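# Any chance you could fold what I've pasted below:
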Amino acid sequence: MHRKTGIEKKIRALLHASASVSRRAPYSLTVLAGGGSDRVFYRVTVAGESFVVLSPSGSHADIRPYLSVGTFLAQCGIGVPQIIAADLVHGLVLMEDLGDNSLYKLLHEARSRSTVMALYRDVVAALAQLQTQATPRMQECAYLRNRSFGYEALRWETDYFLECFIRQYCGLSPANEEALDTELHLLATSLAQEQRCFMHRDFQSKNIYIKNGVVRMIDFQTATCGLPHYDLASLLKDAYFILDPQERSTLLATYHEELASRGGISHDRQHFADVFERAGIQRNMQALGAFAYLSCQKGKHEFARYIPAALHSLQQALAGISDYPCLTATVSKARTVVENRRT
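Below is the predicted model:
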């Protein structure tokens, strides 16, 4: 109660500081379901209109990256929540309420695969728009200007996977660590060489919303400059909702068509598909590290339910590429541990 009372006072002050809602008083405050981060989102209803307030963890949380990227994307015509006001001292952001129709929710409510594919086509088009409209202007955003998702970031993700998922969650030690490290080095090196663009970095179904038929996106504060395949793999190899290989292939073709229609860079489709599979391996490892960390270290045990799907996607991709035998063997052992836990 003390926490809620304190936040109510801060939110009320933020509302009063906003010209658009200054004459109204909030009459309800609801905590929205959280995700993997420690941030808290509140829905504030004021005179029949609702807003969302972001409250990052920590008393001196830095919300400037969120404000900087959010403002930049809005200027680029990208579907992000309108930022109405901010309190830099307490780390609060008052923004537009996108509603409850996340892509995750809509996909799980869909009654047919044709509805699923229609939703994905709209989101793939929004991703192509994001990459083609935001990339040429990234130097306009001071926060993004020197950010890059290259070799070091890729290796951090695979180290995260090995530590949190393989060692801590599965209790395994890779049989040949030196050979495995070489494989992960080669994977990161190959991905780091690809052409880069604006990268959301967590472009998955729980961070995408549909409001009034328009695709909107959240959780963009860790955006960077990285390979285009990563966000696409985050979407199409998402452990929260499983696509079959043919559906994924169809959506890859849709992505290329959308890029072409927007005058985007044309990729060699076979090369792009090959890199997409490797980016999927990278992304699935990152997701498994995150699911294990959130479940074991943060006590958010609900994330463990997504581990089997991410592991299956990772094994599926590795089965089609012969360059990573040590990684394949390590993942196979992890699959046995995960399956034994479920029985």
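# quick check, Gln168 in a helix?
Yes - the assignment for Gln168 is a helix, going by DSSP: H, G, I helix; E, B strand; the rest coil.
# Tell me how many other residues surround it.
16 (other C-beta atoms under 10 Å). The way it works is simple: take the backbone N, C-alpha and C, and place the C-beta from them, glycine included.
# Touching, it and Ser295? I think so.
No - the criterion here is C-beta atoms under 8 Å, and Gln168 misses it with Ser295 at 9.9 Å.
# now Arg147: how far from Ser68?
11 Å (C-beta to C-beta, to the nearest Å).
# now the helices: where do they sit in the stretch 151-300 of the chain?
Along the stretch 151-300 of the chain, counting by DSSP state H, counting those that start in this stretch, helices occupy 151-160, 177-192, 228-236, 245-261, 269-296.
# and after the last one, which helix or strand comes next?
Remark: after helix 269-296, the chain's next helix or strand is helix 307-319, criterion DSSP states H and E.
# Can you tell me what sits against that following helix?
Contact with helix 307-319 is made by 165, 169, 237, 239-240, 242, 245, 277-278, 280-281, 284-285, 287-288, 291-292, 295, 324, 327-328, 331-332, 334-335, 338-339, 342, as judged by C-beta atoms under 8 Å, 6 or more residues apart in numbering.
# what angle separates that helix from helix 245-261?
Orientation check (axes from the mean of the first three to the mean of the last three C-alpha atoms, to 10 degrees): helix 307-319 against helix 245-261 gives 80 degrees.
# Flag every buried residue along helix 307-319.
Ile307, Pro308, Ala309, Ala310, Leu311, Ser313, Leu314, Gln315, Ala317, Leu318 (16 or more other C-beta atoms under 10 Å).
# correct me, but Ala86 touches Thr71?
No - shown here, Ala86 and Thr71 do not form a contact pair, counting by C-beta under 8 Å, at 10.1 Å.
# Specify which residue of these two has the higher count of neighbours.
Comparing Ala86 with Thr71 by other C-beta under 10 Å, the one with more neighbours is Ala86, at 21 against 14.
# burial count for the residue nearest to Tyr160 when sequence neighbours are not counted?
With C-beta to C-beta, 6 or more residues apart in numbering as the criterion, Tyr160 has its nearest non-adjacent residue at 3.9 Å, and that residue is Gly289. For Gly289, the neighbour count with other C-beta under 10 Å is 24.
# same thing with the one 5 residues further on?
Residues lying near Leu294 (other C-beta under 10 Å) number 20.
# Was I right to think it contacts Phe303?
Yes - using C-beta under 8 Å, Leu294 is in contact with Phe303, at 4.3 Å.
# Regarding the nearest residue to Arg262 once chain neighbours are set aside, what is its secondary structure?
Once flanking residues are discounted, Arg262 sits nearest to Thr132: 4.4 Å by C-beta to C-beta, 6+ apart. When classified by three-state DSSP, Thr132 comes out as helix.
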